[in-house]
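Participant: Quick one: sequence plus predicted model below, questions after.
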Amino acid sequence: MNTLPRLALLTSAALALTACGSASLPAAPEDQPPATTVRGTVQTWSGTGTVSLPGSSGQTLARADVVADGTFTLTLPDASALAGLTRTAPDALSEVGCTGTVTSSDAAARGYGFATLSAQDTAGTRSILAADLNVTYVPPRATLRARAWLYADRATRLTGSLNCGSLIGASSAPVAVDVSAKAGWNVVGVVVNASYGLSGVSASGSMSATTDVETTWLTSDELVSQLPGR
């Protein structure tokens, strides 16, 4: 899974955050079918261009045109396009930029995932991600909520704990993982809450299957700009 950009919250401003506690993404409904497309809007867009899903070997796995208002619908690659690219399902999931141990209920399950797309318009080419940062100032609070996409060649449940501190500029951010993946493409929600006190940064979060909805895509710099003091 392409890594969520490390620098997204890796600034001094991130040290002013206080935990939001119960913030989360909606759970995927039981009857939600596997995803077949990514529907989104690029937050800052200029003219015409494309978004693409680059493969691990540099190839393009999928590409979609983006209209003038930044909206796009990207058709996700099928199993044949992913031949030779899949890994064990836990390995695919852990590549969101976190480290730790995740186990699969079916050890033979294989997967492929991504968290970023490449956007190209008249302003240039950049990496974008589906994320938002909720911030309040008194007291200062913020929660990072992001989506990633995981392909599984069979149904499996992924459970465990990952340290996602790199996503919010903390040395440790334990994230409880409980992803019930269906065969096909799954939308995975990553939520990280951070807090700062006299003792330093404290953070925790969760990772689970979430709803398949239209998403807003932005660069890590645009995400950072929402932080207090930026």
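Facilitator: Nice, thanks for sending it over. Computed from a predicted model, the values in this text were never measured in an experiment.

Participant: partner residues bridging residue 178?
Facilitator: Per DSSP bridges, the residues bridged to residue 178 are residue 159, residue 208.

Participant: wait, what's in contact with it?
Facilitator: Residue 178 makes contacts with 157, 158, 159, 206, 207, 208, as judged by CB atoms under 8 Å, 6 or more residues apart in numbering. The C-beta positions use only the backbone N, C-alpha and C, and glycine is treated the same way.

Participant: if you set the cut-off to 10 Å instead, what comes out?
Facilitator: Residue 178 makes contact with 27, 102, 157, 158, 159, 160, 206, 207, 208, 209, according to CB atoms under 10 Å, 6 or more residues apart in numbering.

Participant: Pipe the residues you listed into a markdown table and attach neighbour count, distance to residue 67 and pLDDT per row.
Facilitator: Formatted as a markdown table, these follow (neighbours: other CB atoms under 10 Å; distance: CB to CB, whole Å; pLDDT from 0 to 100):
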| residue | neighbour count | distance to residue 67 | pLDDT |
| --- | --- | --- | --- |
| 27 | 14 | 31 | 94 |
| 102 | 21 | 38 | 94 |
| 157 | 16 | 38 | 97 |
| 158 | 28 | 35 | 96 |
| 159 | 16 | 40 | 97 |
| 160 | 18 | 40 | 95 |
| 206 | 18 | 34 | 94 |
| 207 | 29 | 32 | 94 |
| 208 | 19 | 32 | 96 |
| 209 | 22 | 29 | 97 |
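
Participant: between those residues, which is nearest residue 187?
Facilitator: residue 209 (6.6 Å; CB to CB).

Participant: Residue 184 is in contact with that closest one, correct?
Facilitator: No. With contact defined as CB atoms under 10 Å, residue 209 does not reach residue 184; the gap is 11.9 Å.

Participant: So for the two, which residues contact both of them?
Facilitator: residue 150.

Participant: Report how many residues lie close to residue 109.
Facilitator: Neighbours of residue 109 under the rule other CB atoms under 10 Å: 21.

Participant: Is it correct that it is in contact with residue 102?
Facilitator: No. At 11.6 Å, residue 109 does not count as touching residue 102 under the criterion of CB under 10 Å.

Participant: Need the overlap of contacts for the two.
Facilitator: With CB under 10 Å, 6+ apart as the test, residue 109 and residue 102 both reach 88, 89, 90, 92, 158.

Participant: ok, of the residues you listed, which come out buried?
Facilitator: 89, 90, 92, 158 (16 or more other CB atoms under 10 Å).

Participant: picking that back up, in helices, which of the shared contacts of residue 109 and residue 102 appear?
Facilitator: When the shared contacts of residue 109 and residue 102 are checked against helices (DSSP state H), the matches are 89, 90, 92.

Participant: Dump those into CSV; add distance to residue 194 as well.
Facilitator: Shown next, in CSV, are those (distance: CB to CB, whole Å):
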residue, distance to residue 194
89, 28
90, 25
92, 25
